[in-house]
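Asker: Fold the stuff below for me.
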Amino acid sequence: MKSSRLACFAVTVTVLLTPGSRAATFGDDVAFLRQHQQVIELADATGQARVAVVPAWQGRIMTSTAGGSGGDSYGWVNRELIATGRTVPHINVFGGEDRFWLGPEGGQFSIFFAKGATFDLAHWFTPASIDTEPFEVVSKSADRVVCSRAIRLSNYSGTAFELEVRRELRLLNAAEAMATLGLKLPKGVAAVAFESANTIRNTGRQAWAKDSGLLSIWILGMFNASPAATVVVPYEAGPESARGPVVNDTYFGKVPADRLLVKDGRVFFRTDANYRSKIGFPPRRAKSLLGSYDAASRTLTLVHFTLPAGATDYVNSMWQLQEHPFAGDVVNSYNDGPPQPGAKQLGRFFELETSSPALALQPGAAATHVHQTIHLQGAEPELDAIARAALGVRLEEIKHAFASH
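Answerer: Modelled structure (predicted):
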């Protein structure tokens, strides 16, 4: 596949209204993280816009702020796990607003299940290279850090992959990042903007082919769940015969009606971390925007990304042997919850995710997936105006999507 910075371009926008609404400030989270790992801070000239990067966790952007050390910390940080100083089987959910993964998760080309394993939670293991193994810091400055790592993987079918991963993490000018959405940064609104440019290169001797499995770049943003948090995903209209189902809601069993609503060209998904569930949208349904709104903290999140022209092959991460392993999703949202009644869940978070197409890379070839995040704090009318312009929906509609349940 031809490598291009625009091959998959994502933008996340979060608008927060109430400073101090979270228990932990950015300074609190950074101080805690530094007790356990090296933290690299990126900051603008004012010191208000800041980003915290942990190289040891795959160059992960753990959290950010628009209000300096005392400002709100926007990323979900799993203090309970991090404080133990230990690693656990299956997955180490350290948290973070921008973490690097590779797909597919399930199916005959999965990199999370060993050959012949049953597709269930007991046999699901995140590869160490995208879970616990550190990335090397190649360079750093006041507004960017570059991390990399050589990785070897094998999939469920026994195909071996050799690749180099490079993550360039950059603090951006918030007004310029907003302009990519056709929006202006209002006066008096505090903002932080950053991006990860994620490149993988085939360093092996064999081309990656569909008949033996392909990889994809997968970026996941982890946010604080609440009883009032709802994800909103606009989708392309059209008959199922031409575009397929509107939403894939069967990753972990069908999502109940009191948690998923399809209405007027949009899907509403409850993200309260009380019910383990996941939804996805294929390339013929996905639009370039999705988002979420937490009515309790008045937090609006928008994700904007560019779909590669003509790309239809995306890895399928369903936990089963698949008839169509490249009929996967472009965007996903995950809501955590107990895997079974009474069982301990991973954490109190939900995710907004974007993926690159399946990457059929020749030896030496590379592909890049860019994911941007913007956080803003301002007045409620500005939140509503952004929601209407970006998602075509008022905040009141989002807040009351599940009012009858």
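
Asker: ok so residue 164 is a strand residue?
Answerer: Yes: counting by DSSP: H, G, I helix; E, B strand; the rest coil, residue 164 is found in a strand.

Asker: Neighbours of it, how many?
Answerer: Neighbour count for residue 164, taken as other C-beta atoms under 10 Å: 14. For the C-beta atoms, the positions are set from N, CA and C on the backbone; glycine is no exception.

Asker: got the contact list for it?
Answerer: Going by C-beta atoms under 8 Å, 6 or more residues apart in numbering, residue 164 touches 148, 149, 150, 151, 200, 201, 203.

Asker: just to confirm, which helix or strand has the fourth one in it?
Answerer: Same thing as residue 151. Here residue 151 sits within strand 144-154, counting by DSSP states H and E.

Asker: buried stuff in that strand?
Answerer: 144, 145, 146, 147, 148, 149, 151, 153 (16 or more other C-beta atoms under 10 Å).

Asker: ok, so of these, who is nearest residue 194?
Answerer: residue 144 (9.2 Å; C-beta to C-beta).

Asker: ok, the contacts of residue 164 vs residue 90, which is closest?
Answerer: Nearest to residue 90, judged by C-beta to C-beta, of the contacts of residue 164 is residue 151 at 19.0 Å.

Asker: Can you tell me, leaving aside adjacent residues, what's nearest to the closest one?
Answerer: Leaving aside its sequence neighbours, residue 151 sits nearest to residue 129 (C-beta to C-beta, 6 or more residues apart in numbering; 4.4 Å).

Asker: So the one you found, which state does it fall into?
Answerer: When classified by three-state DSSP, residue 129 comes out as helix.

Asker: List the contacts of it.
Answerer: 149, 151, 152, 153.

Asker: if we look at stretch 379-395, which residues are touching it?
Answerer: Stretch 379-395 is contacted by residues 13, 15, 17, 181-183, 186, 188-189, 232, 234, 265-266, 289-291, 293, 295, 298, 300, 302, 304, 398 when judged by C-beta under 8 Å, 6+ apart.

Asker: Narrow these to those in helices?
Answerer: Counting by DSSP state H, the contacts of stretch 379-395 place residue 398 in helices.

Asker: Drop the exposed ones from the contacts of stretch 379-395 and show what's left.
Answerer: 13, 15, 17, 181, 183, 189, 232, 234, 266, 289-291, 293, 295, 298, 300, 302, 304, 398.

Asker: Now render the buried residues of strand 144-154 as CSV, adding distance to residue 220 and pLDDT.
Answerer: Output for those, formatted as CSV (distance: C-beta to C-beta, whole Å; pLDDT from 0 to 100):
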residue, distance to residue 220, pLDDT
144, 21, 97
145, 19, 98
146, 20, 98
147, 17, 98
148, 19, 98
149, 18, 98
151, 17, 97
153, 18, 96
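
Asker: Just put these in JSON lines and tack on distance to residue 342.
Answerer: Below are the buried residues of strand 144-154 laid out as JSON lines (distance: C-beta to C-beta, whole Å):
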{"residue": "144", "distance to residue 342": "45"}
{"residue": "145", "distance to residue 342": "42"}
{"residue": "146", "distance to residue 342": "44"}
{"residue": "147", "distance to residue 342": "39"}
{"residue": "148", "distance to residue 342": "42"}
{"residue": "149", "distance to residue 342": "38"}
{"residue": "151", "distance to residue 342": "37"}
{"residue": "153", "distance to residue 342": "34"}
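
Asker: what's the closest of those residues to residue 124?
Answerer: Nearest member of the buried residues of strand 144-154 to residue 124, counting by C-beta to C-beta, is residue 153, at 15.1 Å.

Asker: And that closest one, how far from residue 117?
Answerer: Distance, residue 153 to residue 117, by C-beta to C-beta, to the nearest Å: 15 Å.

Asker: what's near enough to touch residue 341?
Answerer: For residue 341, the contact set (C-beta under 8 Å, 6+ apart) is empty.

Asker: ok so it is a helix residue?
Answerer: No: applying three-state DSSP, one finds residue 341 to be coil, outside a helix.

Asker: just the helices in the stretch 1-150 of the chain please.
Answerer: With DSSP state H, counting those that start in this stretch as the criterion, the stretch 1-150 of the chain has helices at 26-34, 79-84.
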